[in-house]
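Trainee: sharing a model prediction with you, sequence too.
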Amino acid sequence: MSRVVAVVGGGVSGLAAARVLAGAPPASLELRDGPAHQEGGPDFEVVLLESDDRFGGKILSREFRGRSVDFGPDNFLTRNPSANELCDQLGIGDDLVAPATSSASVVARGRLHPLPPGLILGLPPDLVALARSRIVSGRGLARAALDLLALGAPISASSLGLSPEETAIGRASGGAVVASDTGPEWSAASILVSRLGRELVERLVDPLLGGINAGGLDQLSLVVVAPQVARALVGHRSVTRALRLLARRTPKPSASTGAKIRPFFLGMRGGLGRIVEALVADLQDRGVQLQTGAEVRALRRAKNGYELETANGTIVADGVVLAAPGYVAARLLVESAPVAAAELGSIPHSSVALVTLAWPSGAMSLPQGSGFLVPRCEGRIITGCTFLSAKWPHAASAGEVVVRASTGRYGDERPLSMSDEELVEAVLGELRELTGTSVPPLASLVRRWPRAFPQYLPGHRRKIERARVALGELPALELAGPSLGGIGIPACLTTGERAAVEVRDRLSR
Ligand SMILES: Cc1cc2nc3c(=O)[nH]c(=O)nc-3n(C[C@H](O)[C@H](O)[C@H](O)COP(=O)(O)OP(=O)(O)OC[C@H]3O[C@@H](n4cnc5c(N)ncnc54)[C@H](O)[C@@H]3O)c2cc1C
């Protein structure tokens with residue numbers, strides 16, 4: 001009799017987990033070769049349980065002004081090629097498309113300033129380009145330039161939350177070995193401000209790196225939000241010099257998707273929701289039982305596995321992948337794994353609300369580029385704005401301009417207490433100041449994402465490690481999703497596939 005594996009949560013992590021459990025080859029490079037993928041391996045009955053009435057979780061494309069528009073993520077990074085590979089496997093890789101424009105601006109003292117070229121996750125290796133951008137004042141620039149004198153102590157692995165074995169890159173690029181490499185992990189801001197000064201970090205790095213996580217660098221772990229940067233800093237006295245070495249080692253992006261070198265970001269013609277549609281169709285073909293409206297309300301240990309109490313009845317499973325948000329997993333694990341539940345339940349989250357707006361082209365002349373970011377110190381409600389029609393021409397009807405403003409971040413819950421009308425008004429008021437448009441929009445749509453972004457506080461990786469150790473005592477149960485560390489679609493997808501491989505291996509022993 002084949003064994004049953006239940007996957008809880010039908011976002012990209014759960015869909016990817018179900019697909020591998022149903023026998024598909026993983027799309028993640030590190031899982032593709034070797035024993036992880038066993039063609040014709042154990043035969044599982046896979047049940048995917050999703051509480052909502054649709055699959056996809058945060059990935060959501062919907063019609064807006066006659067075009068399919070993304071109301072969650074609109075692109076993914078290709079550094080981890082798993083999402084790209086998955087699209088190829090699903091037969092929709094040819095519809096991946098690079099943004100038509102990738103330059104962006106940041107708001108400084110009420111005006112838009114184009115970002116300097118060559119930034120590495122918001123960090124500038126080139127201070128001349130930074131000076132030209134006028135994002136920071138002369139004083140802020142002088143403070144940042146002090147870093148080049150390399151007067152501080154070498155940056156220790158422990159302050160970055162790295163173990164000594166993980167520091168090969170920093171050392172390979174001339175970083176020193178730090179004698180007393182023990183101590184607590186610092187926040188990203190503590191590390192960067194001490195080297196580059198507060199102004200540069202607040203006005204440039206925080207809106208980019210913090211913005212990706214809807215958080216602030218004061219609370220985020222650098223090794224989780226920018227692992228390659230953290231590793232490159234180990235043992236260096238100057239952040240800027242370490243970044244220059246990192247930039248030299250990083251391949252330059254290409255403008256075409258077909259070439260061997262991929263663009264940094266890819267979106268999908270027709271919206272990223274097409275990946276969800278293709279995944280669901282693939283899972284149907286593979287015989288996965290797909291259930292929507294099936295909220296898992298309780299998870300109990302049963303004789304050799306688990307009982308899952310769902311809105312549709314009870315399911316008995318030999319193995320489980322928990323791909324619902326970390327705070328849901330925490331609730332479900334409270335009885336069977338209280339230590340893991342406490343660790344997962346203590347991860348804070350931030351909420352965001354997106355306001356999508358359309359104008360006739362003549363009424364709104366968009367500034368150059370794909371959009372802009374707003375530093376927290378500007379005190380605005382908008383945290384960033386994507387010029388969707390410029391970035392993705394397929395997302396707007398001819399003669400219309402479509403813009404998506406993001407609001408809300410860790411520590412700024414204002415959008416939660418505002419009605420949709422109030423939020424749209426507030427956003428329009430700020431767009432008026434920043435872009436000069438005063439014409440009322442043709443349409444507006446608010447999409448709220450409560451508790452959407454886990455906040456990776458310093459010590460996050462150890463927290464997850466402790467949760468994993470505690471879960472190791474349970475039979476065949478694994479976690480997936482952004483709580484593990486890594487908000488992006490490719491990272492989530494990889495966590496789903498890894499969880500599937502681990503559950504499968506544990507059930508095959
Ligand atoms: C506004 C926004 C913009 C973003 N932009 C980008 C971007 O540009 N690029 C990028 O790479 N990433 C981006 N992200 C992040 C990325 O979309 C997410 O991290 C990723 O999609 C999470 O996938 P997931 O499957 O792990 O979780 P989710 O998508 O959250 O899926 C979890 C699923 O579990 C279900 N669930 C919850 N409770 C239960 C239960 N009790 N029983 C059963 N099911 C349950 C939920 O309904 C949901 O469908 C963005 C996220 C947001 C919100």
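Mentor: Nice, thanks for sending it over.
Trainee: can you give me the helices for the stretch 201-350 of the chain?
Mentor: 211-212, 222-225, 227-233, 239-249, 273-285, 326-333, 338-345 (DSSP state H, counting those that start in this stretch).
Trainee: walk me through the domains of this structure.
Mentor: 3-59+270-347+457-508, 114-249, 349-454 (automatic domain parsing).
Trainee: ok, which of those domains comes nearest the ligand?
Mentor: domain 3-59+270-347+457-508 (2.0 Å; Cβ to the nearest ligand atom). (C-beta placed from N, C-alpha, C; glycine too.)
Trainee: quick one, what contacts residue 184?
Mentor: By Cβ atoms under 8 Å, 6 or more residues apart in numbering, the contact list for residue 184 reads 158, 159, 458, 459.
Trainee: thinking the second one is in contact with residue 192, fair?
Mentor: No - taking contacts as Cβ atoms under 8 Å, residue 159 lies outside contact range of residue 192: 11.4 Å.
Trainee: kindly reformat the helices of the stretch 201-350 of the chain as TSV containing mean pLDDT.
Mentor: Below are these laid out as TSV (pLDDT from 0 to 100):
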stretch	mean pLDDT
helix 211-212	96
helix 222-225	97
helix 227-233	95
helix 239-249	94
helix 273-285	98
helix 326-333	98
helix 338-345	98
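Trainee: residue contacts, residue 339?
Mentor: Here residue 339 is in contact with 466, 467, 470 (Cβ under 8 Å, 6+ apart).
Trainee: return the residues of the stretch 351-500 of the chain in contact with the ligand.
Mentor: Within the stretch 351-500 of the chain, the positions near the ligand by Cβ under 6 Å from any ligand atom are 352, 354, 449, 452, 481, 482, 487, 488, 489, 492.
Trainee: which two among those residues are spaced furthest apart?
Mentor: Largest separation among these by Cβ to Cβ: 354 and 481, giving 20.5 Å.
Trainee: who has more neighbours, these two?
Mentor: residue 481 (28 against 22; other Cβ atoms under 10 Å).
Trainee: spell out which parts of the chain neighbour the ligand.
Mentor: So the chain meets the ligand at 8-14, 49-52, 57-59, 72-76, 295-296, 323-325, 328, 352, 354, 449, 452, 481-482, 487-489, 492 (Cβ under 6 Å from any ligand atom).
Trainee: mind checking which of those are buried?
Mentor: Using 16 or more other Cβ atoms under 10 Å as the burial test, the residues of the chain next to the ligand include 8-14, 49-51, 57-59, 72-76, 295-296, 323-325, 328, 352, 354, 449, 452, 481-482, 487-489, 492 as buried.
Trainee: so of those residues, which ones are in strands?
Mentor: Among these, the members falling in strands (DSSP state E) are 8, 49, 76, 296, 352, 354, 449, 452.
Trainee: can you redo those as JSON lines with distance to residue 132?
Mentor: Putting those into JSON lines (distance: Cβ to Cβ, whole Å) gives the following:
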{"residue": "8", "distance to residue 132": "50"}
{"residue": "49", "distance to residue 132": "53"}
{"residue": "76", "distance to residue 132": "30"}
{"residue": "296", "distance to residue 132": "54"}
{"residue": "352", "distance to residue 132": "32"}
{"residue": "354", "distance to residue 132": "32"}
{"residue": "449", "distance to residue 132": "36"}
{"residue": "452", "distance to residue 132": "35"}
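Trainee: from those, pick the one nearest residue 278.
Mentor: residue 76 (14.7 Å).
Trainee: wait, doesn't that closest one sit right on residue 262?
Mentor: No - at 10.9 Å, residue 76 does not count as touching residue 262 under the criterion of Cβ under 8 Å.
Trainee: shaky segments in the stretch 151-300 of the chain?
Mentor: Within the stretch 151-300 of the chain, the stretches with pLDDT under 70 are 168-182, 251-261.
Trainee: what about residue 448, how many residues nearby?
Mentor: For residue 448, using other Cβ under 10 Å, the count is 15.
Trainee: so the residue lying closest to it once chain neighbours are set aside bridges to which residues?
Mentor: Leaving out its chain neighbours, the residue that sits closest to residue 448 by Cβ to Cβ, 6 or more residues apart in numbering is residue 353, at 4.5 Å. For residue 353, the beta-bridge partners are residue 407, residue 448 (DSSP bridges).
Trainee: please name the residues that touch residue 353.
Mentor: 406, 407, 408, 415, 416, 423, 446, 447, 448, 449.
Trainee: what pLDDT does the fourth one get?
Mentor: The pLDDT attached to residue 415 in the predicted structure is 95.
Trainee: wait, doesn't it sit right on residue 406?
Mentor: No - using Cβ under 8 Å, residue 415 is not in contact with residue 406; the gap is 9.4 Å.
Trainee: how about the helices in the stretch 1-150 of the chain?
Mentor: Under DSSP H, counting those that start in this stretch, the stretch 1-150 of the chain gives helices at 12-21, 29-32, 82-90, 127-133, 138-146.
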